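Engineer: Requesting a structural model of the entry that follows:
(one chain, ligands or ions: 1)
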Amino acid sequence: MSKLIPVAALAVFLAVPASAQPPAAAAAPVTAIRAGRLLDPEAGRILTNQIIVVEGNRIRDVGPNVAIPPGAQVIDLSRMTVMPGLVDSHNHLALTYKPEPENNVYYYTYVQDSTALRAIQAASNGMQMLAAGFTVVRDLGNNGNYADTALRQAIEQGWLPGPTIINSGIIIGGMGGQFFPPPEMAKEHSIVYPEYLDADTPDEIVKAVRQNILFGAKVIKICVDCKPYGYTADEIRLFVREAAKAGMKVAGHVQTPAGAKNAIDGGIWSIEHGGALNDDLHKQMAAKGIWRAGTETPTGLQGHPVSQEAYARTVAGLKNAHENKVLSVFSTDADYYVFGKTRGELCLEFLKPWKDAGIPTADILRAMTINGYRIADIDKTRGPIKPGYFADLIALPGNPLDDVDALRNVQFVMKDGLVFKRDGVMTPAPFFHGGPVNGWRIR
Ligand SMILES: [Zn+2]
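Structural biologist: So this is what the prediction gives:
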């Protein structure tokens with residue numbers, strides 16, 4: 001390179017890295033947001049003309065008469081509804097099966113796509129989720145060899161933008177997990193593995209939980225009844241005890257009523273998928289405060305047909321859960337590509353079953369926000385727009401309490417105090433760094 005650098009180029013070069021300086025070197029920037037309407041999902045109401053002051057990555061103050069600090073950057077959202085970020089409580093960011101070449105059979109995706117490629121897909125999917133307004137994603141396995149951990153670390157260390165990730169690492173199940181692999185595959189664990197961690201005995205259960213914790217899981221995901229023998233309530237209790245030593249909860253994939261009963265009796269934190277749940281099981285879940293992540297698939301997704309009968313059962317299950325006051329969250333199980341839609345737009349299609357179940361918009365919004373923060377076990381620090389919480393918020397022109405489909409038009413996204421999307425355009429530059437600016441020790 002020439003030693004003569006044009007002055008203009010040098011000025012640009014020097015001006016750019018301001019956001020890349022170590023956090024300690026710069027005073028935390030202060031931003032004031034003028035919110036025309038502020039949605040409080042907990043109360044199910046709208047407050048008007050509020051000021052939100054953000055300092056660094058946290059909310060400092062909120063209210064109608066809050067003074068805008070001198071020198072603060074002012075963001076005018078006075079024509080918008082500002083609200084806390086959305087949560088998808090069940091997604092698979094490092095899995096995208098497709099019509100081509102695998103004909104939407106995800107077993108073949110595992111053969112085709114390396115973990116490295118899937119981690120990069122996950123980084124893209126994470127940004128697509130954030131752009132649609134999802135600031136938190138529970139990422140529940142089928143993510144190759146811990147691509148989910150890599151994504152979480154990259155976001156937390158400051159390499160790139162993305163939602164807050166609550167990841168499970170590798171799903172733990174009886175040998176073969178959700179698959180029925182041939183012996184060569186199951187025993188040698190070479191291809192189409194490590195999508196599942198085998199744990200058939202108490203020792204293996206303890207070891208599998210510890211492996212996932214070591215490799216960066218934030219929640220433990222198990223296959224309760226993917227095999228004819230499944231896990232007993234006692235075995236589930238062992239999972240719950242072992243996970244609790246590291247402060248973690250256990251999420252269970254459930255596909256049979258008997259499996260659901262064992263999961264409930266074993267004291268599981270959440271049941272993933274609602275298909276096996278009935279009125280009696282819902283009552284037991286409500287009584288014990290067990291979360292329901294029903295993953296209700298809508299009709300009409302191109303390439304993913306759902307029969308009218310299956311959809312009617314899905315909607316009836318959601319309605320029954322609501323009537324029984326089961327703790328419920330918005331969850332999609334999104335792990336595929338629908339042409340023309342981002343991962344985030346795809347997830348918002350899952351509003352349909354909630355509307356068809358006749359669930360009031362205020363309750364849908366709670367499921368997508370405060371219940372999401374609670375099932376993710378982050379509600380003490382992240383979610384509500386209140387002083388002291390991390391500054392995650394979104395804005396949209398309509399009023400989602402009147403029409404929940406207003407959520408499909410998120411124009412503004414702030415994550416950790418940084419603006420990711422403004423006026424409908426992604427502006428993620430402040431998130432990108434050439435190093436782990438938030439600290440390499442974040443594991
Ligand atoms: Zn899933």
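Engineer: from here on, contacts and neighbour counts on C-alpha atoms
Structural biologist: Will do.
Engineer: What helices and strands are in contact with the helix or strand that residue 240 is a member of?
Structural biologist: Using DSSP states H and E, residue 240 sits within helix 233-244. Using 3 or more C-alpha pairs under 8 Å, 6 or more residues apart in numbering; DSSP states H and E, the elements in contact with helix 233-244 are helix 202-214, strand 250-253, helix 257-265.
Engineer: for it, what is the average pLDDT?
Structural biologist: Averaging pLDDT along helix 233-244 gives 98.
Engineer: Pull out the buried positions in it.
Structural biologist: For helix 233-244, burial by neighbour count (16 or more other C-alpha atoms under 10 Å) applies to 233, 235-243.
Engineer: do the same with stretch 27-35
Structural biologist: 30-35.
Engineer: Using a markdown table, lay out these together with distance to residue 410, secondary structure and pLDDT.
Structural biologist: Below are the buried residues of stretch 27-35 laid out as a markdown table (distance: C-alpha to C-alpha, whole Å; DSSP: H, G, I helix; E, B strand; the rest coil; pLDDT from 0 to 100):
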| residue | distance to residue 410 | secondary structure | pLDDT |
| --- | --- | --- | --- |
| 30 | 23 | strand | 97 |
| 31 | 20 | strand | 98 |
| 32 | 19 | strand | 98 |
| 33 | 16 | strand | 98 |
| 34 | 16 | strand | 98 |
| 35 | 14 | strand | 98 |
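Engineer: for these, which one is nearest residue 442?
Structural biologist: Taking C-alpha to C-alpha as the measure, residue 30 is the one of those closest to residue 442, at 24.9 Å.
Engineer: got the contact list for the closest one?
Structural biologist: Shown in contact with residue 30 (C-alpha atoms under 8 Å, 6 or more residues apart in numbering): 53-56, 69, 71-73.
Engineer: try it again with 7 Å
Structural biologist: Listed by C-alpha atoms under 7 Å, 6 or more residues apart in numbering, the contact partners of residue 30 are 54-56, 72-73.
Engineer: Residue 282 now?
Structural biologist: 321, 324, 326.
Engineer: The first one: which element?
Structural biologist: Under the criterion of DSSP H and E, residue 321 resides in helix 308-323.
Engineer: buried sites along that helix?
Structural biologist: So for helix 308-323, counting by 16+ other C-alpha under 10 Å, buried means 311-312, 314-322.
Engineer: contacts for it?
Structural biologist: Contacts for helix 308-323 (C-alpha under 7 Å, 6+ apart): 274-275, 278-279, 282, 296, 299, 353, 356-357.
Engineer: In helices, which of those residues fall?
Structural biologist: Cross-referencing the contacts of helix 308-323 against helices under DSSP state H gives 279, 282, 353, 356.
Engineer: ranges for the helices of the stretch 51-200 of the chain?
Structural biologist: Counting by DSSP state H, counting those that start in this stretch, residue ranges of the helices within the stretch 51-200 of the chain are 106-112, 115-131, 147-157, 183-188.
Engineer: likewise the stretch 301-443 of the chain?
Structural biologist: Ranges of helices within the stretch 301-443 of the chain are 308-323, 343-348, 351-356, 361-368, 370-375, based on DSSP H, counting those that start in this stretch.
Engineer: could these go into a markdown table alongside distance to residue 176 and mean pLDDT?
Structural biologist: Formatted as a markdown table, the helices of the stretch 301-443 of the chain follow (distance: least, C-alpha to C-alpha, whole Å; pLDDT from 0 to 100):
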| stretch | distance to residue 176 | mean pLDDT |
| --- | --- | --- |
| helix 308-323 | 27 | 98 |
| helix 343-348 | 28 | 98 |
| helix 351-356 | 32 | 98 |
| helix 361-368 | 33 | 98 |
| helix 370-375 | 27 | 98 |
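Engineer: Serialize the ones you listed to CSV and add fields for distance to residue 419.
Structural biologist: What follows is these, written out as CSV (distance: least, C-alpha to C-alpha, whole Å):
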stretch, distance to residue 419
helix 308-323, 35
helix 343-348, 18
helix 351-356, 26
helix 361-368, 21
helix 370-375, 21
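Engineer: Can you say which of the ones you listed is nearest to residue 133?
Structural biologist: helix 343-348 (7.8 Å).
Engineer: what's next to that closest one, contact-wise?
Structural biologist: 125, 128-129, 132, 332, 334, 408.
Engineer: and if you look at stretch 89-103?
Structural biologist: In contact with stretch 89-103 (C-alpha under 7 Å, 6+ apart) are residues 104-106, 108-109, 118-119, 121-122, 125-126, 137-143, 147-148, 293, 329-337, 372.
Engineer: picking up where we left off before, please name whichever of the helices and strands packed on helix 233-244 is nearest to residue 429.
Structural biologist: With C-alpha to C-alpha as the yardstick, what comes closest out of those is helix 202-214 (31.8 Å).
Engineer: What is the nearest of the buried residues of helix 233-244 to residue 258?
Structural biologist: For these, the nearest to residue 258 is residue 233 (10.3 Å; C-alpha to C-alpha).
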